[in-house]
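>>> Mind looking at a prediction? Sequence and model below.
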Amino acid sequence: MTDVEVESFLASGRTAVLVTLASDGAPEPVGMWFLVEPDGAIVMRTYAASQKALNLRRDPRVAVLVESGDRYAELQGVRLSGVVELVEDAEMIADIWTGLAMKYEGLAPEHADPFRLVALERAGKQVALRLRPSEVVSWDHRKLAP
């Protein structure tokens, strides 16, 4: 995919598979909701005490996969690799939480501010994950010759 196609694909993507590393080095994949920031960073949120957060504190290296397609000729995907930054800023967490509610749960824009206030109150048990990918690999089987 071109850079523009990757950007569009990620913006419309649904579930990302976040792969962290367990203490023994084994990969631990988990489905995550995500947003794409204007600079191309991928952001997510999770409970600060979650296994993925514990894994990331120990080793922040990750791979993230977003894919789609039901048949081989329709397969598309983007794999992002890099180091995740854990952010405990309540304002950022509330912004991500609100954005996720709008993207995935249909939160109407007119309800975003009240939702954000509730998210801000609950952000203390959360952590934001920000990935600025150091590597991006993509594929689009729709471009393959028949």
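In hand now; what should we look at? Since the model is a prediction, treat every value here as computed from it, not as a measurement.

>>> Please count neighbours and contacts with C-alpha atoms only from this point.
Will do.

>>> Which pLDDT value belongs to the residue nearest the centre of the chain?
Closest to where the C-alpha atoms of the chain average out (C-alpha atoms, centre = their mean) is residue 34, at 3.3 Å. Per-residue confidence at residue 34 stands at 98 (pLDDT).

>>> Next secondary structure after the helix or strand hosting residue 103?
Assessed by DSSP states H and E, residue 103 sits inside helix 90-105. The element immediately downstream of helix 90-105 (helix or strand, assigned by DSSP H and E) is helix 112-122.

>>> following that following helix, which helix or strand shows up next?
Following helix 112-122 in sequence order, the next helix or strand is strand 126-131 (DSSP H and E).

>>> Could I get the contacting residues of the residue nearest to the centre of the chain?
14, 15, 16, 42, 43, 44, 45, 100 (C-alpha atoms under 8 Å, 6 or more residues apart in numbering).

>>> measure it to residue 146 for me?
Using C-alpha to C-alpha, to the nearest Å, we find residue 34 at a distance of 33 Å from residue 146.

>>> Stretch 105-119: which residues count as buried?
Residues of stretch 105-119 classed as buried: 115, 116, 119 (neighbour count, 16 or more other C-alpha atoms under 10 Å).

>>> for the record, mean pLDDT for it?
The pLDDT scores in stretch 105-119 average 96.

>>> Excluding its own residues, what touches it? List them.
With C-alpha under 8 Å, 6+ apart, stretch 105-119 has contacts from 93, 94, 95, 97, 98, 101, 102.

>>> likewise stretch 70-79?
6, 10, 63-69, 136-142, 144.

>>> send the alpha carbons of it over as CSV?
This file holds the C-alpha atoms of stretch 70-79, laid out as CSV (Å, rounded to 0.1, in the frame of the first residue of the first chain):
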residue,chain,number,x,y,z
ASP,A,70,-12.7,-12.6,4.1
ARG,A,71,-11.2,-14.2,1.0
TYR,A,72,-7.5,-14.4,-0.1
ALA,A,73,-8.1,-11.9,-2.9
GLU,A,74,-9.5,-9.4,-0.5
LEU,A,75,-6.8,-9.6,2.2
GLN,A,76,-5.3,-6.3,3.4
GLY,A,77,-3.2,-5.6,6.4
VAL,A,78,-0.8,-3.3,8.1
ARG,A,79,1.8,-4.4,10.6
